[in-house]
Every structure is written in C-alpha cells, then in structure tokens.
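Student: Sharing a model prediction with you, sequence too.
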Amino acid sequence: MAKYMYYTTGILILTLGVAFTIQSNLGVSPFDALLVGLAANLGLTVGSWEVIIAFILIGCNSVLKKQKPEFSGLLTAVITGISIDVWLFLLDAFATPELWVTKFLGFGIGLLTIGMGTAIYLCADFAPIPVDRFMLIIRELTKMNIWLTKTIIYILFLFLSLLFQGPVGIGTILAVCLGGPILHYCMALIDFKLKQPSSKQAGI
C-alpha cells in the first residue's frame with residue numbers, strides 16, 4: 001500500500017511542477033519543451049504527447065535492456081499526461097505571471113517540485129515513466145551517477161526540442177544545469193527518510 005501511495009503522490013507532485021514551469025513562460029526542461037513544441041506545432045495536448053513519446057521510449061528501453069517492452073510504464077505515462085493537462089487547466093484559471101520576479105518564483109517552485117516528485121515516485125520502484133526508465137538504464141549501463149545521467153539526457157532532449165521549436169529559454173538552461181543536482185539531492189533525502197524507521201527499530 002505504501003508503494004502505491006508514494007507512486008501516486010510522487011506523480012501528482014511531479015506533474016504540478018511541470019505545470020508550474022510551463023506557466024512561468026521562462027522556458028521549460030528539454031523534455032517538456034519537446035512536448036510543448038510538438039503540441040503547438042502538430043496539435044494534441046502536452047499530456048497526449050507525453051504518452052506518444054513514452055510509447056517510443058518503451059521501444060528504445062527494450063532494445064537497450066535486450067528484454068521485452070515494459071508496457072507498465074505506459075500506464076504511468078497516461079496518468080502523468082492526464083495530470084499535466086489537468087494541472088495546466090487549473091493553473092490557467094490564475095493570471096499568467098508577468099513580472100520577472102513572479103516568473104522566476106514560479107519556475108523555481110516548479111523545478112524543486114519536479115525533483116521532489118520524481119524522487120518520491122521513483123522510490124516506489126513501480127512502473128517508472130519511460131523517460132525516467134531510460135535515465136535509469138543509461139545510469140546502469142554507464143555506471144554514472146544520477147546527476148550526470150540526467151544532465152546528459154537533458155542535453156539530448158534539448159536538441160530535439162529546438163528541432164520542434166519548443167519553449168526553450170533561460171528556464172531550460174536552469175533545468176539542464178540544476179535538474180540533475182536537484183534530483184540527486186531529493187533522491188538522497190527520500191532514501192534517508194525511508195531508512196530512518198528501520199534504523200530506529202534496529203536501535204541505531
């Protein structure tokens with residue numbers, strides 16, 4: 001039960017963060033910039049492209065791991081896509097930030113929220129979003145830490161988002177530079193919190 005609670009809570013927090021960064025209009029993370037660019041140029045919603053790209057990545061992950069496709073990740077992508085669209089709809093009821101201070105504040109909150117939400121749901125170890133599964137596979141194959149792995153993947157999606165004219169801006173640069181370190185810190189923090197009860201029970 002705890003696993004599913006972490007899973008659901010993490011995704012809701014993660015997608016709220018994504019919506020905050022999009023709403024800030026400063027540019028978003030490379031992956032989200034790709035989704036927004038595809039939605040703006042080819043139609044459909046941001047959440048719909050989340051599912052479509054997830055399906056493609058499931059195939060890529062299958063090839064990299066040399067195993068059957070993990071279609072359970074598609075369920076997570078569907079939940080994530082719907083959540084992003086819902087959060088964007090709800091946030092649209094508020095005025096879009098116009099001042100640079102409020103833009104940066106909203107983006108900063110979003111970036112931190114994405115890191116925390118991702119760390120929480122990944123700790124559940126249940127059907128990760130294909131793009132995050134891709135990140136974990138690359139980390140496993142290259143033996144790099146989560147910080148460097150996420151940064152490299154961000155750079156890859158940055159080129160794709162530029163190709164599809166996604167909202168690349170100062171926020172994108174901040175996401176590339178800070179996304180990895182934030183996730184690294186949040187995963188370490190969540191892991192520490194999860195180990196505390198067992199440590200106390202062991203009398204440590």
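Tutor: That came through, no problem. Numbering: from 1, shown residues only.

Student: how deep is residue 165 tucked in, by neighbour count?
Tutor: Residue 165 has 13 neighbouring residues, counting by other C-beta atoms under 10 Å. All C-beta atoms are positioned from the backbone trio N, CA, C, and that covers glycine.

Student: which residue sits closest to it in space, ignoring its chain neighbours?
Tutor: residue 37 (5.1 Å; C-beta to C-beta, 6 or more residues apart in numbering).

Student: contacting residues around the one you found?
Tutor: Residues counted as contacts of residue 37 (C-beta atoms under 8 Å, 6 or more residues apart in numbering) are 161, 164, 165, 166, 167.

Student: how near is the third one to residue 12?
Tutor: Spelled out, that is residue 165. 29 Å (C-beta to C-beta, to the nearest Å).

Student: repeat for the last one
Tutor: Distance check for residue 167 against residue 12: by C-beta to C-beta, it reads 23 Å.

Student: Point out where the protein drops to low pLDDT.
Tutor: 1-2, 95, 192-204 (pLDDT under 70).

Student: if we go to 80?
Tutor: Residue ranges of the chain with pLDDT under 80: 1-4, 70, 72-73, 93-98, 123-129, 132, 144-147, 150, 180, 190-204.

Student: what ranges do the helices span in the protein?
Tutor: 2-24, 30-42, 46-65, 72-91, 100-123, 130-142, 146-163, 170-201 (DSSP state H).

Student: now stretch 101-114, how far from the chain's geometric center?
Tutor: 14 Å (C-alpha atoms, centre = their mean, to the nearest Å).

Student: Revised request: answer the last question for stretch 9-18.
Tutor: Centre to centre, stretch against its chain (C-alpha atoms, centre = their mean), the figure for stretch 9-18 is 8 Å.

Student: Equivalent analysis for stretch 123-140, please.
Tutor: That offset, for stretch 123-140, works out to 11 Å (C-alpha atoms, centre = their mean).

Student: quick one: contacts of that stretch?
Tutor: 3-4, 6-7, 10, 31, 53-55, 57-58, 60-61, 64-65, 70, 72-77, 80, 118, 121-122, 144-146, 149-150, 152-153, 187, 190-191, 194.

Student: same thing but at 6 Å, please
Tutor: Stretch 123-140 has contacts (C-beta atoms under 6 Å, 6 or more residues apart in numbering) with 3, 6-7, 31, 54, 57-58, 61, 64-65, 72-73, 75-77, 80, 149-150, 153, 190.

Student: Also stretch 148-167?
Tutor: 27-28, 30-31, 33-34, 36-38, 41, 135, 138-139, 168, 176, 179-180, 183.

Student: Got a PyMOL select line for the buried ones in those?
Tutor: Only the buried entries of the contacts of stretch 148-167 go into this PyMOL selection, using 16 or more other C-beta atoms under 10 Å:
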select buried, resi 27+28+30+31+33+34+36+37+38+135+138+139+168+176+179+180+183
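
Student: re the thing from before, how about the contacts of residue 37, which pair is most distant?
Tutor: Spatial extent of the contacts of residue 37 (C-beta to C-beta) is set by the pair 164 and 167 at 10.5 Å.

Student: just to revisit the earlier point, could you export the contacts of residue 37 as JSON lines, including distance to residue 46?
Tutor: Shown next, in JSON lines, are the contacts of residue 37 (distance: C-beta to C-beta, whole Å):
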{"residue": "161", "distance to residue 46": "13"}
{"residue": "164", "distance to residue 46": "12"}
{"residue": "165", "distance to residue 46": "14"}
{"residue": "166", "distance to residue 46": "10"}
{"residue": "167", "distance to residue 46": "11"}
